[in-house]
Structure formats: C-alpha cells, structure tokens
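1. Quick one: sequence and predicted model below, then my questions.
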Amino acid sequence: MNEPLLIKEIVTTILNKLLSLSTGDIENMVGLNARIQEVEMRLCLESNDILMLGIWGMGGIGKTTLAKAVYNKIRSQFEMCSFFENIGEDLAKKGLIRLQQKFLSQLLEEPNLNMKVLTSIKERLCSKKVLIVLDNVNDPLILKSLVGNQDWFGQGSRIILTTRDKRLLTSHGVFNIHEARRFSDEEAFEFLTHYSLKHELSIDDFMELSREVLGYAQGLPLALEVLGSFLFSMTREEWRNQLNKLKCTPNLKIQEILEISYDRLDDKEKNIFLDIACFFVGEDKDYVLEILDGCGFFSLSGIRALLDKSLITIYSNKLMMHDLIQEMGREIVCRQSLEEPGERSRLWFHEDIYDALKRNTASEKIEGILLNLSHLEETLDFTAQAFSRMSRLSDFNPKNLVELSMPYSHIQQLWKGIKVLEKLKFIDLSHSKYLIETPDFSRVTNLRRLVLEGCVSLRKVDSSLGDLKTFSFLNLKNCKMLKSLPSSTCDLKSLETLILSGCSKFKEFPENFGSLEMLMELYADEIGLTMLPSSFSFLRNLKVLSFSGCKGPPSTFWVLPRRISNPIGPILQPLSGLCSLVELNLSDCNLTDESNLSSLGSLSSLRILDLGRNGFVTLSSTISLLSNLMFLVLENCKRLQALPPVLPSSLIKLYVENCTSLKDFSNQVLKSLLQTWELQKHKLMVNFLALHAIIPGSRIPDWIRYQSSGSEIKAELPPNWFNSNFLAIALCFVSFPQSTSITFEVNASVYCTCSDNCPSFNIITSDVIYIITKLESDHLCLFGVPLPMLIDFSQMTHIKVSFELMSDDDDPIEIKRCGVGLVYNNNEDENHNNLPMIQFNPLPNQSTVVLEEIREGEPSGNGCSNNVDSSEEEENSEYHTADKEEEPNSTS
C-alpha cells in the first residue's frame with residue numbers, strides 16, 4: 001500500500017474530526033449559532049441538488065466569520081472542500097490564470113499542479129461533491145471563471161459566496177441570499193462582556209464604557225471588536241479621551257474596511273453617496289430622487305447600487321445609513337482639504353460654513369451647502385462676495401435648481417417679477433418672519449410643495465399659485481396675518497394637503513373651495529372661520545378634517561346653514577357630503593346641544609371622531625349610524641350627562657376622561673355596547689384588546705363580580721363557562737396617572753389552568769393608551785380580551801390575571817383596584833338561559849384582572865360584587881369561587 005497516501009488519508013480524517021468537534025465552541029460565540037442554523041436551512045444539506053448561496057452585507061458585519069463557521073461545521077460531509085479567503089484581492093494580485101491554478105490545486109490538494117496540462121475546472125470537478133467558499137467576491141469575473149455553472153460540480157455540491165455587492169450574486173443567477181445582520185443590543189452587550197472579563201473594570205466603568213461603545217458601533221461586529229480590543233485595556237481617563245476623539249476623528253481600521261465599498265462605486269454613484277451622507281440621511285427617498293435627478297446623477301440606478309452594496313437602507317421610504325458609514329462618507333469629503341473647508345465639495349458643519357463665508361474662502365469646488373439657520377445663536381454676517389467664487393452655487397436662477405430651502409431667513413420678498421425655474425419642485429421658507437407675500441409662481445411650473453409655516457408677517461398668497469398643475473402640498477400654519485386665499489387656489493386640481501392651523505385671522509374659504517377635487521387632508525385648527533361655503537360638501541376625496549379650537553361666538557358657527565333637498569328630505573349641512581371622511585376633529589369648538597350635530601350620522605366612512613372639550617349635555621343618537629367608527633373622543637366634555645343608548649358596534653376605543661357630569665355610564669352604555677359588540681371578528685387576534693374605555697370614577701361596576709385591590713386576581717371558573725356564546729374576558733382597573741399628557745402601555749397576562757394534566761395557557765395581551773389631558777380624579781379603564789378560537793378552553797377551571805401599567809418614561813403607575821368578568825352573547829340574556837352577562841374593562845401594565853359574572857335575576861349595581869382584598873385572598877383561598885347554585889347552561 002502507498003504509505004504517503006495512507007498517512008495523508010489518516011491526517012485528513014483526524015483533521016476533519018477535530019474541526020467538527022471545534023464547532024462546539026460556536027455556541028460560545030455571540031449570536032453565531034443562530035445565524036449558522038439559518039444558513040444551514042438555506043443550504044438544504046439533505047438534498048442532492050447543486051446549490052449556490054450568497055452571504056451579503058456591509059463591510060465588517062461578519063460575513064467571513066459566519067462563512068468560516070458554517071464551512072468548518074459541514075465540511076466533513078463533502079469529498080473536497082476549500083475556503084478561499086479574500087479572493088477579490090487574489091484576483092487583483094495574481095491575475096485570472098494563477099487564481100484558477102490556486103483554485104484547482106487547493107481543491108484537488110495538488111500543490112504542484114502544472115498549468116500547461118490544466119484541464120477545465122468542469123472536467124476535474126463535475127463528478128465530485130465539493131464544498132467551496134469564495135470569500136469577499138468583488139468582480140463578476142471571479143464567479144464566471146471559478147464557479148461558472150452548477151453543472152461544473154457533482155451532485156450535492158454547495159458553493160458559498162460572500163460579498164458586499166448583491167448585484168454580483170443576482171447577475172450570476174444566485175437568488176438564494178442570506179443577508180448578514182448586525183448584532184442586536186443584547187448580542188452586542190454580550191460581545192463586549194468577553195473583553196471586560198480580561199480586564200479589571202468596575203461595574204460602573206463597564207456600564208458607562210459599554211453604553212458609549214454600543215452607541216458608536218450600532219451593532220457592527222467590526223467596530224465592537226476594534227474598540228473592545230483596546231478601550232477595555234485603558235484607564236478611565238484614557239478611554240474617555242479616546243471616545244471624545246472618535247467623535248471628530250474616525251478609527252482608521254474601521255474606516256479603511258468600510259471605505260472599500262465606496263471605492264468600488266463609479267463617479268456618479270460616489271457623488272450620490274456623498275450627497276446622502278452629507279445632506280440627506282433620514283430624508284424621504286422620492287424627495288431625494290427629485291433633487292439628485294436635477295443634478296444629472298441618474299439617481300434611481302445610483303440608489304439601487306448603494307442598496308446592493310449595503311451602503312444605505314430604506315425604512316418607511318426614508319434613506320437611512322449606518323452612522324459609521326455616514327461618518328466614513330463625511331471623512332472622505334473632509335480629506336479633500338484638511339485645513340481649508342472652503343476647498344471641499346460639500347459643507348454641512350455650521351462652523352465650517354461660518355468660517356468659509358466670513359473669511360471669503362469658499363471656492364469653486366463647493367457643490368452643496370447645508371446650513372440650518374434655526375440653530376444660529378448669533379447673527380451671521382457676510383456679503384454677496386462670499387459666494388462669488390462658488391461658481392456652482394452663486395447663480396440664483398440656475399436651470400437645474402430643484403429645491404429652495406431657506407427656513408428662518410430674513411427675506412421680505414423671495415424675488416421680483418417672473419423667474420423661469422421649471423425644475424424647481426420644493427420651496428421651504430418656513431419661519432421667515434419678515435416675508436410679506438409670495439412671489440409670482442407662473443413660470444415655476446413644476447412646483448409641488450410650498451412650506452410657509454411660521455411666516456407671521458405673510459399677508460398675501462399670489463394668485464399665480466393657481467396656475468400650477470402638479471402642486472400638491474401647501475403649509476401655511478401659524479401665518480397669523482393671513483386673512484384669506486385667492487380664489488385661484490381652487491384651481492389646484494392636484495392639491496392633496498392644505499394646512500391653515502393657527503391662522504387666527506383667516507375668516508373664510510373661497511366660495512368655490514369644493515372644486516379642490518383631490519384634497520385629502522385639511523388642517524384648520526384655531527382659525528377665525530365664520531362660515532363654510534356651500535361647496536364644501538363637494539370635497540368627495542377629503543379623508544382628514546380638523547377644525548379643533550375653531551370657537552367663534554358660542555355655537556353660532558356650528559349651527560351650520562341648512563338646506564332641504566326636498567320637502568321631506570333630510571336636513572343637510574356642508575359636512576354631510578364628505579363621503580370619504582375618515583377622521584374628523586371638532587374638539588374645543590363651543591359645540592352645544594343647539595349645534596345640530598345629527599348630520600354627522602351621514603359620515604359613513606368615519607373611523608375617528610373627536611368631540612372633546614365641548615359644551616353639549618347629550619350626544620345625538622345618530623352617532624350609532626357611524627358603522628365604521630372605531631375611536632370616539634369625548635374627553636373634558638364636563639356638561640355631558642348621557643350618551644346615546646346604542647353606540648356603533650365597530651367602536652373599539654372610547655375616551656370620556658374628566659366628563660364629570662356623566663351619569664350611570666358603565667351600566668347604561670357599556671352594557672348596550674357589549675350587546676352589539678362585533679367581537680367575533682377578532683377571536684383569532686390574541687394580542688388585541690378588542691375595546692377599551694376610560695371613564696371618570698373610582699368604583700368598579702357591580703356587574704364585575706370579582707374585584708380586588710392591587711393588580712392581580714385569581715378566580716375559579718364556573719362549570720360550562722366556555723360555550724358557543726362566550727365572547728371575551730372583561731377586564732378593568734382603577735388608576736390615577738398624574739401627568740399633563742400621558743402615553744402608557746397596558747399589558748395583561750391571562751393564565752388559565754386545568755384540574756387534570758391538560759396543558760395550561762398563558763395569553764399576553766397589550767395596548768397603548770394616550771391621554772392628552774391631565775386627569776382630575778380616579779378613572780376606570782375597561783377592556784375586552786378575546787380568547788384565541790383555535791384553543792379549547794373548555795377544560796380550564798381556574799384563571800389568574802396580572803396587569804402591568806407603565807408610563808412612557810417606564811415608570812410604574814399604581815393600580816388601585818381591578819376586576820374581571822366573562823362576556824357572553826346578548827341572546828343569552830334575552831333568552832333567559834341563565835348565563836353570565838358581563839362587561840369588559842381596560843388593562844394596565846403590571847396589574848391583575850379577575851373574572852366576574854352576573855346571572856340573570858341577580859341584582860346589578862346594588863353591591864352584590866365580591867370584593868376581596870389581597871390579604872383576605874391569601875387567608876381564605878388561592879382562588880375566588882363563583883356561586884354554583886345557578887350554573888350557566890351550555891349551548892355548545
């Protein structure tokens with residue numbers, strides 16, 4: 001037998017076993033084990049198909065580490081395997097022929113492979129089951145020459161490719177792509193703890209340093225590794241000094257690795273990247289595309305290239321960029337002239353801009369300046385001469401101008417006469433407090449957005465605005481001297497959003513205002529409106545309308561003019577024709593019982609209605625006709641004494657905070673609401689609080705039988721409680737959050753147990769409650785919680801409910817009392833089937849809820865509830881037990 005071959009075989013076998021055993025250490029590498037499993041699932045190792053997989057992501061995110069870990073774990077399953085690290089550099093240094101030679105010789109384990117007799121890769125490997133990793137692929141030639149087609153390799157072969165450029169993969173037909181992701185905060189923190197174990201750091205120092213490093217690295221493993229390797233070995237004074245240095249000088253090692261992706265962009269893509277890094281992070285993608293197209297950058301393909309190279313991401317249509325990537329881009333610009341900012345292509349840092357303008361050092365190299373005048377603490381004095389050398393910026397009438405943004409300027413008039421600015425699409429002159437009138441827009445034919453918010457001296461909007469065919473957004477908020485709009489405004493057939501809030505002298509809309517056929521949002525809070533034009537009802541596409549704070553003389557404005565379509569037809573008001581209206585805000589408008597709001601019942605599409613801070617005593621019964629209404633706000637209606645006997649069955653949230661005159665609310669309204677509640681629609685939604693209401697008062701209604709002080713309660717369920725008529729669990733609590741404006745999260749854990757060995761269920765449900773007014777007393781929160789329909793709860797005999805109530809500052813809010821009940825279909829009550837009839841209540845964070853039931857024939861509201869204090873509960877029994885003399889009949 002050939003002894004050298006035998007030795008080689010033995011060594012290879014032992015090495016494979018050792019490598020396989022070493023993968024146990026993977027579990028100790030933060031987050032890696034889960035990522036390996038994800039890649040293994042994509043590799044489909046049980047299949048004999050030939051498969052290529054891409055691992056794609058930004059530089060320093062751990063693509064190579066992940067690929068190595070997967071390679072070491074699975075390599076023993078293949079006849080031949082090889083990991084080619086940084087193969088892009090090999091191509092650049094060795095050329096294609098030598099790269100192919102290295103590729104084959106490493107796979108075939110023939111170090112002296114003679115290129116003169118080299119047969120094709122396909123011929124040598126087509127019958128072999130191979131595992132190949134090509135790391136850091138940066139050129140399509142690599143893929144074409146080394147792993148051209150799947151039929152080059154034998155059955156069961158796997159080819160793994162790591163790259164920063166997604167297009168290299170897809171252009172080669174590789175669509176099975178794993179996107180490498182950053183560390184989560186928990187993973188990043190765990191990663192740093194490994195460094196802290198090697199050094200003696202106090203807990204306080206470790207926490208402070210970790211917070212700084214985590215904020216800087218933002219989950220990028222490379223940054224965490226680089227910073228952790230040297231910062232944790234320093235004294236407190238040293239690492240604080242280094243962290244301060246990082247704020248103005250990037251770490252070179254991190255910078256060099258990240259910059260590789262930038263170097264592979266073409267010139268126009270580099271310009272797009274630098275513009276985004278310096279000016280447009282967080283901006284709307286479509287808006288940025290308009291700006292960049294005006295610069296001739298072919299922005300759509302450029303943005304695609306940056307996405308494919310992981311240099312940017314898009315979230316909610318906003319252009320986003322990792323802080324270290326943005327820092328890298330800005331550092332590239334700073335290197336254009338280290339000492340003289342005026343010699344750089346882009347200026348965004350206010351001190352650099354001040355320096356260039358004050359000293360007249362700005363040059364022709366400057367292509368863009370971003371100066372936020374709202375941050376100015378002192379007057380910036382400079383002359384027109386400061387712009388004289390900026391040949392790319394100095395002309396105020398450039399043919400490619402797309403956006404003109406001059407907020408907080410001191411101009412009185414933007415320009416005189418007519419300017420031909422056919423590419424100009426956005427003008428922002430907000431908070432220019434000396435601006436008196438708008439210019440002639442007749443030749444600014446493609447203007448889409450005009451923002452004049454806070455222009456407190458503005459008196460006139462030029463009639464030429466009505467000539468604009470693509471104009472869609474007008475913001476005149478807090479233009480306090482503006483009294484009206486020109487009638488030509490109604491010719492804006494593309495206008496979608498109009499903001500007039502805070503225009504306190506604005507008296508009336510143009511008579512033909514209803515001609516704005518595309519208007520979808522109108523915000524006119526706190527304006528001096530005296531009447532609505534009859535054409536207002538023609539705004540058939542209006543979805544959002546807000547007149548909050550439009551008081552006028554008490555009730556006179558909202559006693560809107562009536563017109564009768566026929567002798568017996570309904571009385572209509574201008575609001576009644578708004579057939580698409582989804583949200584209506586009439587809060588704080590001096591509405592009384594004379595305001596004739598019955599016509600609101602015709603707004604069939606309405607989902608949100610805010611009538612808070614008004615003076616009516618009763619609410620029109622036509623509210624029940626709003627079949628799509630989900631949110632009804634009546635907070636601070638202090639004269640309100642009663643609600644309609646029937647509320648819309650679609651209602652899920654009802655706010656009546658500080659309605660101190662409201663009588664018999666819980667017994668009258670919520671019972672009616674439950675009887676018409678369309679809860680069946682939500683039975684599959686476990687984390688959904690189907691309805692909640694907030695009402696003044698500290699007493700839990702008697703029909704919620706099980707009540708307790710504190711935030712947790714337990715109860716024994718009656719027999720046959722879970723039948724076909726069961727709808728939901730009713731929850732409630734009493735609390736008094738004492739803040740002017742509160743956003744708090746309500747979490748409830750409903751834990752059901754059986755008496756035998758059947759599995760238990762724990763249902764977590766949550767909601768967010770917004771209180772925009774300071775509560776004056778205790779309030780009762782009522783919630784309904786549906787149980788998931790796919791789970792059989794019929795064997796459940798006990799229930800425990802816990803509440804948790806947290807403010808937006810993560811501070812716990814005290815829960816004084818809580819209660820629980822069972823909700824059944826109203827037919828039960830009508831048919832006298834003796835089933836519990838219960839209503840539901842709201843859940844707080846950190847609080848507990850208890851079931852409570854009321855059987856037909858038992859008194860309601862006369863103190864028949866079971867009130868159990870925590871101490872009493874512990875002494876008597878772990879569970880509250882329902883009366884069993886009258887058990888509900890099962891209708892299942």
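-> Okay, I see it.
2. my read: residue 169 touches residue 161, true?
-> Yes - judged on Cβ atoms under 8 Å, residue 169 makes contact with residue 161 at a distance of 6.5 Å. Any C-beta I mention is one placed from the backbone N, CA and C, and that applies to glycine too.
3. Pick out whichever of those two has more residues nearby.
-> Neighbour count, other Cβ atoms under 10 Å: between residue 169 and residue 161, residue 161 has more, with 27 against 24.
4. before we move on, back to that, what sits in contact with each of residue 169 and residue 161?
-> Residues within reach of residue 169 and of residue 161 at once, by Cβ atoms under 8 Å, 6 or more residues apart in numbering, are residue 54.
5. What's the first helix or strand after whichever strand or helix holds residue 107?
-> Using DSSP states H and E, residue 107 falls within helix 87-108. Later in the chain than helix 87-108, the nearest helix or strand by DSSP H and E is helix 121-125.
6. Which strands or helices does that next one pack on?
-> helix 87-108 (3 or more Cβ pairs under 8 Å, 6 or more residues apart in numbering; DSSP states H and E).
7. Just the buried positions in the helix it packs on, please.
-> Across helix 87-108, burial judged by 16 or more other Cβ atoms under 10 Å covers 87-88, 90-91, 99-107.
8. same deal with stretch 319-327?
-> 319, 320, 321, 322, 324, 325, 326, 327.
9. Those residues in strands, which ones?
-> If you go by DSSP state E, the buried residues of stretch 319-327 have 319, 320 in strands.
10. Grab the most central residue of the chain for me.
-> residue 316 (7.1 Å; Cα atoms, centre = their mean).
11. State the distance from that residue to residue 431.
-> 26 Å (Cβ to Cβ, to the nearest Å).
12. before we move on, what about residue 299?
-> 29 Å.
13. Likewise for residue 594?
-> Distance, residue 594 to residue 431, by Cβ to Cβ: 40 Å.
14. Which one's more surrounded, the two?
-> Between residue 594 and residue 431, counted using other Cβ under 10 Å, residue 431 has the larger neighbour count: 19 against 13.
15. Report the contact partners of the closest residue to residue 658 other than its chain neighbours.
-> Nearest residue to residue 658, sequence neighbours excluded (Cβ to Cβ, 6 or more residues apart in numbering): residue 636, at 4.8 Å. Applying Cβ under 8 Å, 6+ apart to residue 636 gives the contacts 612, 613, 657, 658, 659, 773.
16. Distance to residue 621 and neighbour count for these - can I get that in a markdown table?
-> Converted to a markdown table, the contacts of residue 636 look like this (distance: Cβ to Cβ, whole Å; neighbours: other Cβ atoms under 10 Å):
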| residue | distance to residue 621 | neighbour count |
| --- | --- | --- |
| 612 | 19 | 24 |
| 613 | 22 | 21 |
| 657 | 23 | 22 |
| 658 | 23 | 23 |
| 659 | 18 | 23 |
| 773 | 26 | 15 |
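17. By pLDDT, give me the weakest of the residues you listed.
-> Within the set of these, pLDDT is lowest for residue 773 (63).
18. Can you report phi and psi for residue 329?
-> phi -60, psi -40 (degrees, to the nearest 10).
19. For burial, what's the neighbour tally of residue 640?
-> 22.
20. go on, residue 514?
-> 22.
21. for the one 5 residues further on, same thing?
-> A total of 25 residues lie near residue 519 under the criterion other Cβ under 10 Å.
22. Ok, the one 5 residues further on next?
-> Here the neighbour count serves as a burial measure; for residue 524 (other Cβ under 10 Å) it reads 21.
23. With adjacent residues omitted, what lies nearest to it?
-> Leaving aside its chain neighbours, residue 524 sits nearest to residue 500 (4.6 Å; criterion: Cβ to Cβ, 6+ apart).
24. Ok, residue 214 next?
-> residue 188 (5.4 Å).
25. surely that neighbour meets residue 224?
-> Yes - applying Cβ under 8 Å, one finds residue 188 in contact with residue 224, separated by 5.9 Å.
26. Where does pLDDT dip in the stretch 301-450 of the chain?
-> Scanning the stretch 301-450 of the chain for pLDDT under 70 picks out the ranges 372-384, 393-400.
27. repeat that for 80
-> Counting by pLDDT under 80, the stretch 301-450 of the chain contains low-confidence ranges at 350, 357-358, 360-363, 371-401.
28. where along it do the strands fall?
-> Secondary structure of the stretch 301-450 of the chain (DSSP state E, counting those that start in this stretch): strands at 313-315, 318-320, 346-347, 368-369, 403-405, 426-428, 449-451.
29. now do the stretch 101-250 of the chain
-> Going by DSSP E, counting those that start in this stretch, the stretch 101-250 of the chain shows strands at 130-134, 158-163, 177-179.
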